[in-house]
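1. curious how this folds, go ahead:
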Amino acid sequence: MEAQTYFESNYQNKISISDLTDQLSIGRRSFDRRFNKATGITPLEYLQRVKIEAAKKSLENTRKTVNEVMFDVGYSDVKAFREVFRRITGMPPLTYKAKYNKAAFI
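-> Sure thing, here's the model as predicted:
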């Protein structure tokens, strides 16, 4: 789906789903319905998951701080980032980094 590719290529930027629906020449409700049918989740949930996957990779493989990673994946609100990260991974970003970071052991 074109929207998924767009999300995966531009997750670090501020993405407006309304702007995206305009680009794709489709109404917001139709877009949401089709996206949900194709993926099983809402466009916003998909975008959040793409951002958190990128954050997880960065936390696992770099020495960046949680805040640096948060900004890299397009979040500017620490509280929102931590809540979404915890909801998707089951743990806070700092705990995730401590558990899975490979760079810390080199």
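
2. hey, let's count contacts and neighbours off CA atoms from now on
-> Noted.

3. give me the buried positions along stretch 76-85.
-> 81-82, 84-85 (16 or more other Cα atoms under 10 Å).

4. hmm, who's touching the helix or strand hosting residue 71?
-> Using DSSP states H and E, residue 71 maps to helix 66-72. Residues outside helix 66-72 that contact it (Cα atoms under 8 Å, 6 or more residues apart in numbering) are 12, 55, 58-59, 76, 78, 81, 93-94.

5. reformat those residues as a markdown table; add secondary structure.
-> Below are the contacts of helix 66-72 laid out as a markdown table (DSSP: H, G, I helix; E, B strand; the rest coil):
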| residue | secondary structure |
| --- | --- |
| 12 | coil |
| 55 | helix |
| 58 | helix |
| 59 | helix |
| 76 | coil |
| 78 | helix |
| 81 | helix |
| 93 | helix |
| 94 | helix |
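
6. packing partners of the strand or helix carrying residue 5?
-> Taking DSSP H and E as the definition, residue 5 sits inside helix 2-10. Counting contacts by 3 or more Cα pairs under 8 Å, 6 or more residues apart in numbering; DSSP states H and E, helix 2-10 packs against helix 43-61.

7. how distant is the helix it packs on from the center of its chain?
-> Relative to the chain's own centre, helix 43-61 is displaced by 4 Å; criterion: Cα atoms, centre = their mean, to the nearest Å.

8. quick one: mean pLDDT over that helix.
-> Average pLDDT, helix 43-61: 97.
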